[in-house]
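> Structure for this input, please:
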Amino acid sequence: MLKKRSKVVDAAIRDIDGFAKVFKVIHQNTVLKGQSKSTFENYLRRIALISLHFGRMPEEISDDEIQEYLTSLALDPKSPSRSSFKHMVYGLRYYFRHIGQNKRVVALPSLKNDYKLPVILNRTELKELFKTPKLLKHRIILALAYSAGLRSQELIKLKISDIDFERKTIHIRQSKYKKDRIVPLSDYIAKGLKKYLRVEHPHVWLFNGKEPDGRYSPRGLAWIMREALKKTTIQKKVNLHSLRHSYATHLLEDGVNIVTIKELLGHATIQTTMIYLHVAQLPHTPPHSPLDTLYRKQV
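Modelled structure (predicted):
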C-alpha cells in the first residue's frame, strides 16, 4: 500500500462501505499495468469525492444524480478551466470500466480536447532566465532542463552516474511510459555541471533535496522556476515544463528532424511531437512544382 493517502481517500475508506476493497484492487491493477502513482491517486481521489458526496459507491448512484453532480462541477467558478469536471469524468470512466459497467462509461459526457499551443521562451528570454538565480545549483537546474528537454520527474531522478562527460550523453531512466532514452549532453552544461559537482559534492542523486530518499522534490523545482521568473522581465505565463517546449521548438527551428525530436523527448507517438510544428518559425519555401526541382541543375 501507499505510505501516504489524501484525507479525502482516507475518509472514503472509513465512511463508505466497499471503498477499502476498491482501493486495494485498483492500486494493485495500477501497479501491475505500470501506471504512475499520480494517475492512481487522481482516480481514487475523484471516486472518493463523489462517493462521499452521495454517501455511497458510484455504481449505486443513478445516472441522473451523476449528471447533476458533473454539471455543478462544470459550472464551478473556482475552476474556470473545468479541470475538476474533466478529472471527475476521467475517474468515473476508469471506475466503471474497472467494474465492467461499460454502458455507463458511454453515458458519461464526452470531453473535447483543449487545443492550446505551448508557450515558448525565445533565446533572449532564456539567457535572461538562466543568469538570474543567485545559487549555482538553481542556474544549473534550469539550464539543464532546457538543454536536454527534461520533464521535472526526469530531473529529480537523475543520478550523477547518468551523466557521461566523455561520451557527452545523459541517460534518462524509466521515465514516462517506463522508457529509457539517451540525449546529448551540451558542452556548455557539461562545464557548468563539472563546476557544480566540485562545489556542491552531491551524493548519488545529481540534485540532492529534502525528499525521504534524498532527492529534490517536484515542488522545489517549480519554486526555483517561479522565483527566477519574478526577477526577470519575462511576461509570458510559463513554468518549468515550458523549458521542454522551448527545447523541442528550437531544435525544430535548428533543422532537426521531427522524428529525431520525438525520440529525444521520449514521446509515445509522433502526433504529440507535431504540435511544435505550429509554434516553430521555420524557413518559408514558396509553393512550386517538384518537377522544377527534380531537373534543377546542380551548381
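
> Domain-wise, how is this protein divided?
Listed domain ranges for the chain are 7-107, 123-278 (source: automatic domain parsing).

> Least confident of those, on average?
For the domains of the chain, mean pLDDT drops lowest on domain 7-107, to a mean of 87.

> Work out the gap between that domain and the centre of the chain.
22 Å (Cα atoms, centre = their mean, to the nearest Å).

> How about stretch 272-286?
That offset, for stretch 272-286, works out to 22 Å (Cα atoms, centre = their mean).

> which outside residues touch it?
With contact meaning Cβ atoms under 8 Å, 6 or more residues apart in numbering, stretch 272-286 is reached by 117-118, 120, 245, 248-249, 252-253, 258, 261-262, 265, 267. C-beta: built from backbone N, CA, C; applies to glycine.

> filter those to the buried ones?
118, 120, 245, 248-249, 252-253, 261-262, 265, 267 (16 or more other Cβ atoms under 10 Å).

> Show me what the strand or helix carrying residue 70 is packed against.
Assigned by DSSP states H and E, residue 70 falls within helix 63-74. Contacts defined by 3 or more Cβ pairs under 8 Å, 6 or more residues apart in numbering; DSSP states H and E place helix 63-74 against helix 37-54, helix 83-98.

> Where does residue 23 fall, secondary structure wise?
Per DSSP H and E, the secondary structure element for residue 23 is helix 19-32.

> can you tell me which of the helices and strands packed on helix 63-74 comes nearest to residue 138?
Residue 138 sits nearest to helix 37-54 of all the helices and strands packed on helix 63-74, at 24.6 Å, using Cβ to Cβ.

> the inter-axis angle of the closest one versus helix 19-32?
160 degrees (axes from the mean of the first three to the mean of the last three Cα atoms, to 10 degrees).

> just the strands in the chain please.
Using DSSP state E, the strands of the chain run over 163-164, 169-172, 181-184.

> ranking those by burial, who's on top?
strand 169-172 (a mean of 20; mean count of other Cβ atoms under 10 Å).

> What is the burial count for the residue lying closest to residue 196 once chain neighbours are set aside?
Using Cβ to Cβ, 6 or more residues apart in numbering and skipping residues adjacent in sequence, the residue nearest residue 196 is residue 140, 4.9 Å away. Counted with other Cβ atoms under 10 Å, the neighbours of residue 140 add up to 22.

> go on, residue 136?
Neighbour tally, residue 136, other Cβ under 10 Å: 13.

> Next, find the distance separating it from residue 127.
Residue 136 sits 17 Å away from residue 127, going by Cβ to Cβ, to the nearest Å.

> And for residue 240?
Taken as Cβ to Cβ, the span from residue 240 to residue 127 is 17 Å.
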